[in-house]
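Asks: Model the structure of this input:
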Amino acid sequence: MRSIRPLTLLLLCPLFALPAFAGGNLWTYRNNSDLNWHKLTAAGTLLVGADEALLCLDPQTGKPLWTRPDLRDLPGRQVEEVAGTPFLLVTQGSFGSKVTLFALNIEDGTTLWQSEKLKGATIGIFPVYEEDMVILFTSRHAGEAKTKPDMIAFQLSSGDVLWDVDYEDKVDLHTVEGVGKWKIHYDLSGHQDPTVANGALYLPFAGVHKYDLKSGKLLWKSVFDVTEGKLKKGNASIVVKDGVVYSSAKGTLKALDDQTGALKWTSQDFGAAVAEVQVAGNLIYGRLGGTFYDYKDREWDLKKPLGVVALNKTTGSVVWKFDKADDAITNMLLLPEQNTMVIADAKTLIGLDTTSENKPTELFRTKVEFKNKVGVGGAAMKVARFGMGGLQGGLKGLSDDKKAQDVPIMLSRQENGQIVVRGRQHILAFDPKTKTIPWSVQYAAPGMSGWMKFAMASIYAMNYMSATYSASQTYYGTAENNRANAQRQSMIRNFSQLMNQRFSATKSGGRFVHVLTNLEEGKEKGPGLVGVDMATGAASYQILLKDKEPDYVVDEVTGRLFNLKGKELFAYSVR
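Replies: Predicted structure coming up:
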């Protein structure tokens, strides 16, 4: 059993002291058999997969809220929460008639409905909240890397099958993480999510396929290869605007007529994956290149060239192209009130004038500097990198020296108007009005296997709570308007109230982000988490994990960390 006492950072060049950790072990859950996986739900409860049952634990006490011994020994990929709703979808079996789908009430574990209509293993789940619908994509064999998936739409509240159709074209699938050393399963995680607009479903698999949402009828399709080799999410989400469908594939952008699917234009090949598209005014912006996950080598791969292109949305011709991003590029952040598109590369935060013509105009170029560097140095980064153990989430596409550098990965805007720049090991704030950096901090990378996987997951999970809350409110409104079943309405209402409480808590708890670094507790050293306040950049709390390869999740809202090891699950307070 772990103990957590006041910690101090292992510093190479101490610049400031972190506050002492005042929390501790909240509870320990011990099971008779191995605990295989755990997931934090949007409601804050813990789903746990064990050899003998599926359990849900109270995050405050560690006591089981419910137990389903009939749903035993399930891999985590077969237990999926429908984000923003109280429904938990569980599948038993993998092939044909052996597959049973259970829809559980996530609050008490009761079966709301079940179906044996699935034709194979679930490879994707997509809820359509406005229609009280959930669409499941299945494959007749989870070991196939290319398949024609079946699509089946259920009414979420009742389990009634709304429609069931076969996808007409073969789709490239990507491997599922954490399945096991000798097993390989594939799913749709390497593709962007489908898009819903104007009563239609637009699927980004093997081109663009448009379906009628009510009937499942294929309205039109435009088939083209969207897969960037072994890379996940190498093409952009589909954007539908003003009667035009915008997509990307293998270095080009495409515009299709929304009514017929006819190709209106294809841009020139920009030589890099276009993984992000935004449409604003008369322009369509595409982000060129970026860092993508190579699911075969299990490494993050930097694909060049890097930059932003602005196209005339009517003709697809280039209005301007910025290709001076250096060794990294973040997402695009549009500031319409300032006519500015903000990106960051490895060393610089760059503001591009969206009103430019013929060539890009830089409104500002601010060096990404860290005023507080905690345990950061070339030696520390290299030690951490070699400690990753080869295929454990490293970074390709750069020289060895540049692999040791931490670069910006994501931009997000805060309520105060500031832009937060996140890297794997650093965070800074930028004020776009004053062009200044109010605060910044950087931490040394931990010497643990697979640390980059944890770091990247933390970055991309930043906006999950807000998106889930929004989805829950949409579904709650749909439930109130469309259903008369008192029991179901009560369930939806209770869940919505719980989501309201958790979302309100994010106004204090959700402002923190967690950074992996090296910590020291007496004579013990190991990877740990530091909680950084995004409003100030101050390190507010810290926790030593001790395990070289911890299996943990953090509840950003309540400030709890849950770590699984063998037959035990530990809960800690981290602030």
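Asks: For Glu337, which three-state class applies?
Replies: State at Glu337, reduced to three classes by DSSP: H, G, I helix; E, B strand; the rest coil: helix.
Asks: Surely Arg560 touches Leu569?
Replies: No. Look at Arg560 against Leu569 with C-beta atoms under 8 Å: they stay out of range, at 11.8 Å. Just so you know, the C-beta spots here come from the backbone N, C-alpha and C atoms, and that holds for glycine as well.
Asks: Make sure Ser157 is actually in contact with Asp132.
Replies: Yes. If you go by C-beta under 8 Å, Ser157 and Asp132 touch, sitting 5.4 Å apart.
Asks: Give me the more crowded residue out of the two.
Replies: More crowded of Ser157 and Asp132, by other C-beta atoms under 10 Å: Ser157, with 24 against 20.
Asks: so which strand or helix has the more buried one?
Replies: Using DSSP states H and E, Ser157 maps to neither a helix nor a strand.
Asks: For the nearest residue to Lys567 once chain neighbours are set aside, grab the count of nearby residues.
Replies: Closest residue to Lys567 apart from its sequence neighbours, by C-beta to C-beta, 6 or more residues apart in numbering: Asn31 at 4.8 Å. Neighbours of Asn31 under the rule other C-beta under 10 Å: 17.
Asks: any idea how far Asn31 is from Thr45?
Replies: 17 Å (C-beta to C-beta, to the nearest Å).
Asks: pretty sure Leu352 contacts Pro360?
Replies: Yes. Between Leu352 and Pro360 there is a contact at 5.4 Å, judged by C-beta under 8 Å.
Asks: okay, the two: which has more neighbours?
Replies: Leu352 (25 against 21).
Asks: Point out where the chain drops to low pLDDT.
Replies: 1-23, 94-97, 178-183, 370-405, 443-511, 521, 546, 548, 575 (pLDDT under 70).
Asks: Flag every buried residue along the lengthiest strand in it.
Replies: Looking across the chain with DSSP state E, the single longest strand is strand 299-312. For strand 299-312, burial by neighbour count (16 or more other C-beta atoms under 10 Å) applies to 299-304, 306-311.
Asks: phi, psi of Glu130?
Replies: phi -60, psi -20 (degrees, to the nearest 10).
Asks: give me the number of residues near it?
Replies: Glu130: 14 neighbours (other C-beta under 10 Å).
Asks: what's around the spatially closest residue to Leu564 that is not a sequence neighbour, how many residues?
Replies: Nearest non-adjacent residue to Leu564, counting by C-beta to C-beta, 6+ apart: Asp551, 4.6 Å away. The number of residues packed near Asp551 is 18, by other C-beta under 10 Å.
Asks: Quick check: Asp551 touching Phe562?
Replies: No. Asp551 lies out of contact with Phe562 (C-beta under 8 Å); the separation is 9.3 Å.
Asks: Residues that sit against both of the two, list them.
Replies: His38 (C-beta atoms under 8 Å, 6 or more residues apart in numbering).
Asks: ok, Val279 to Ser189 distance?
Replies: Taking C-beta to C-beta, one finds Val279 at 26 Å from Ser189.
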